[in-house]
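> predicted model, plus sequence, below.
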Amino acid sequence: MRVALVSMYTPHHEETGATIRTRRTAELLSERGNDVVVLCAKWWGGESIEFEQNDVTYHRVTDSPAAGRFASRVPFVLREVDPDVIQVASFPPSHVTAAKTAARFLRVPVVADWWSRDERGGSRAYRRAAKSPHAVLTPSEMVRTDVRELGASVNSTHVVPEPINMDIVRDAPVEKRADVVYARELDEHANVESFLLALAELRDKEWDAVVVGDGPKRSNAEQTARDLRIDDRVEFAGELSAKEAVPILKGAHVFAQTATVEPFATNLLWALACGCVSIVEYQARSAAHELVEGRRRGSLVTSPQELADEIVAARGFDHQTVDEAFADYDYDHVVDQFESVYEAEIADYGFF
């Protein structure tokens, strides 16, 4: 299958949940033997209009990110590429409708991959983008609800979660480095302060904690730990790869999720797969609760005090290092879902 992924931005321009998801999808589809090309703004040097990385071809639409110029150019580039199916990132939203224009001439379906609503896009443009594609993929039910509220139909929307590599989980050693772990980019939505406040409530208990992640709010978090006088028991480990973080998760007993914005809580998923008892502070713009609802080794809280109580209660669970219940989120299973949507839309398009 020849798949065109349309995304003006790549992680080389800006590293966001959406751009990382596009790159990962492209590489997983390529590993399956699909012919994958990413139509994007140029990020490589030289005069070549194409660049190959990790068996994925990146094709220049514009020399630099420029939403209007990219939208006007992408239909012509899509005709050159001649794909069997088009997947387009939801930001900028004008690119979804531009891809749909090209798809009419190519007689192929358009699938939008909708990570979240970027504030740089306008409301009217997002409404058009939600209604234009033949199908919309979202990482969670929360985002699916958002897209449906913008006008997408029930039947056209599908949840395809973020994947994890279960082989890493199964094969990694156990590193006894912390009892409690928090992991996420430390940006304005991290809300790591709730985690630290909960730990401060447990000063009289025996525990060690690790915060995995880096970002613009790291220094604030470190200062908060000092202000709460728990900095000698909280290690800020910085950004770690999955292979570096998984041994820490396997050695820990509890994982805390407190971020205020999370289209899909990938770090929480890794922790659950590593057997952590996972506690989620409910937030209106976070889908993290979807991963723990109905699970014995997971719970929801609404305050740092409740989080502290649940950390203590977690002692009632045995320590685990692998939970095979999350094998359905493995790379192979998730790429199956992408391909199933593509194949169904290609078949339906051909039928009509």
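Noted; the coordinates are in hand. Numbering: from 1, shown residues only.
> in the stretch 101-250 of the chain, which spans are helices?
123-131, 141-149, 166-171, 192-200, 218-227, 242-251 (DSSP state H, counting those that start in this stretch).
> with respect to burial, which of those helices scores highest?
helix 192-200 (a mean of 22; mean count of other C-beta atoms under 10 Å). Placement of C-beta: from N, CA and C, glycine included.
> got the contact list for that one?
By C-beta atoms under 8 Å, 6 or more residues apart in numbering, the residues outside helix 192-200 that reach it are 180, 182, 184, 186, 207, 209, 211, 217, 221, 224-225, 228-230, 233-234, 256, 258, 281, 303-305, 307-308, 311.
> run the last query once more with 6 Å
182, 209, 221, 224-225, 228, 230, 256, 258, 281, 304, 307-308 (C-beta atoms under 6 Å, 6 or more residues apart in numbering).
> CA atoms only: put the worst-scoring helix or strand of the chain on mean pLDDT into PDB for me.
Sorted by mean pLDDT, DSSP states H and E, the helices and strands of the chain end with helix 123-131, the least confident at a mean of 87. Provided in PDB are the C-alpha atoms of helix 123-131 (Å, rounded to 0.1, in the frame of the first residue of the first chain):
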ATOM      1  CA  SER A 123     -12.600  27.500  15.000                       C
ATOM      2  CA  ARG A 124     -14.200  27.600  11.500                       C
ATOM      3  CA  ALA A 125     -11.200  25.900   9.900                       C
ATOM      4  CA  TYR A 126     -11.300  23.100  12.500                       C
ATOM      5  CA  ARG A 127     -15.000  22.500  11.900                       C
ATOM      6  CA  ARG A 128     -14.400  22.200   8.200                       C
ATOM      7  CA  ALA A 129     -11.400  19.900   8.900                       C
ATOM      8  CA  ALA A 130     -13.500  17.600  11.100                       C
ATOM      9  CA  LYS A 131     -16.200  17.200   8.400                       C
END
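> tell me what the residue nearest to D309 when sequence neighbours are not counted is bridged to.
What sits nearest to D309 in space, not counting adjacent residues and going by C-beta to C-beta, 6 or more residues apart in numbering, is V301, at 7.7 Å. Judged by DSSP bridges, the bridge partners of V301 are E281.
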